[in-house]
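Enquirer: Quick check, what structure comes out for this input:
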Amino acid sequence: MRATKGGKKGPSNSHRWRWRLRGLYLMGSFMAMCLASAVSRAGTSKLYPPDKEESGALRLAQVTRLATRQEILASGVSLQHLLATGLQESDLKDGSLASGRVYCCHRSTEEGTEMWFYVPPEVSLGVGDIVAIRMGREFTKKDPGTVNVAVEVREKKDATEAKCSWDPPKENLWRRVLYCSWMPAEGWTLKSGSHKTWLKPASDVKTQ
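Expert: A predicted model of the protein is given here:
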């Protein structure tokens, strides 16, 4: 053991490392609690729309990932949101939960704004497909809400005659939106603001 300048012996390396690891553990625990608290306060899982005005509307996303059953059951708060809508754990299979990008084309933008959505058994989709999603409704103390749900695949990944693309067609932009040539004729409208995107309003969806 090495002596300090004052002639006193300093703490051993193992002792210093124990205190350092304890500090890191406490810091990590604190950060985890803050994150959980923030998610709880906002009630804003990615399973809900980013804007309450979008509830019930249709929105497009390009599928980026399909979760396994094991990942879904281990998803914590997201699992609770799914179960609150009336689903049972037995309903959750491989691919029952998916994520999709709604803006292109930079990783930080895509991951920061991606949507998560429940995929019913009757909807067959794959990574790269463009899917229409019925936007959910955020939960409250009196209402369990509804999560985002995949309605149908509008264009397969390898479609020979693609009708959908990222707009505007400038690859250097980080926040391009999905646009399909059939949107205006089907009643979709361009929503401006911080969450600019093409939507089919809930009022029109109900009359389908």
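
Enquirer: State which strand of the protein is the longest.
Expert: strand 58-66 (DSSP state E).

Enquirer: Mind listing what's buried along the helix or strand where Gln70 lies?
Expert: Using DSSP states H and E, Gln70 sits in helix 69-73. Buried residues in helix 69-73, counted by 16 or more other Cβ atoms under 10 Å: Ile72. Where C-beta positions appear, they are placed from N, C-alpha and C, glycine not excepted.

Enquirer: Contacts made by the next helix or strand after it with the rest, please.
Expert: Per DSSP H and E, the first helix or strand lying C-terminal to helix 69-73 is helix 77-84. By Cβ atoms under 8 Å, 6 or more residues apart in numbering, the surrounding residues in contact with helix 77-84 are 36, 39-40, 45-48, 72-73, 89, 92, 97, 116, 118, 139, 144-145, 147.

Enquirer: Report the distance from helix 77-84 to the chain centre.
Expert: Relative to the centre of its chain, helix 77-84 is centred 13 Å away, using Cα atoms, centre = their mean, to the nearest Å.

Enquirer: Then stretch 123-135?
Expert: Distance of stretch 123-135 from the chain centroid (Cα atoms, centre = their mean) equals 14 Å.

Enquirer: Just the C-alphas of it, formatted as PDB.
Expert: The C-alpha trace of stretch 123-135 is given here as PDB (Å, rounded to 0.1, in the frame of the first residue of the first chain):
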ATOM      1  CA  VAL A 123     -52.500  -7.900 -41.200                       C
ATOM      2  CA  SER A 124     -49.500  -9.400 -42.800                       C
ATOM      3  CA  LEU A 125     -46.600  -7.100 -43.200                       C
ATOM      4  CA  GLY A 126     -42.800  -7.000 -43.400                       C
ATOM      5  CA  VAL A 127     -39.900  -4.600 -42.900                       C
ATOM      6  CA  GLY A 128     -39.900  -2.000 -45.700                       C
ATOM      7  CA  ASP A 129     -43.600  -2.200 -46.400                       C
ATOM      8  CA  ILE A 130     -45.700   1.000 -46.200                       C
ATOM      9  CA  VAL A 131     -48.600   0.500 -43.900                       C
ATOM     10  CA  ALA A 132     -51.700   2.600 -42.900                       C
ATOM     11  CA  ILE A 133     -52.100   3.000 -39.200                       C
ATOM     12  CA  ARG A 134     -55.200   4.000 -37.300                       C
ATOM     13  CA  MET A 135     -53.900   6.400 -34.700                       C
END
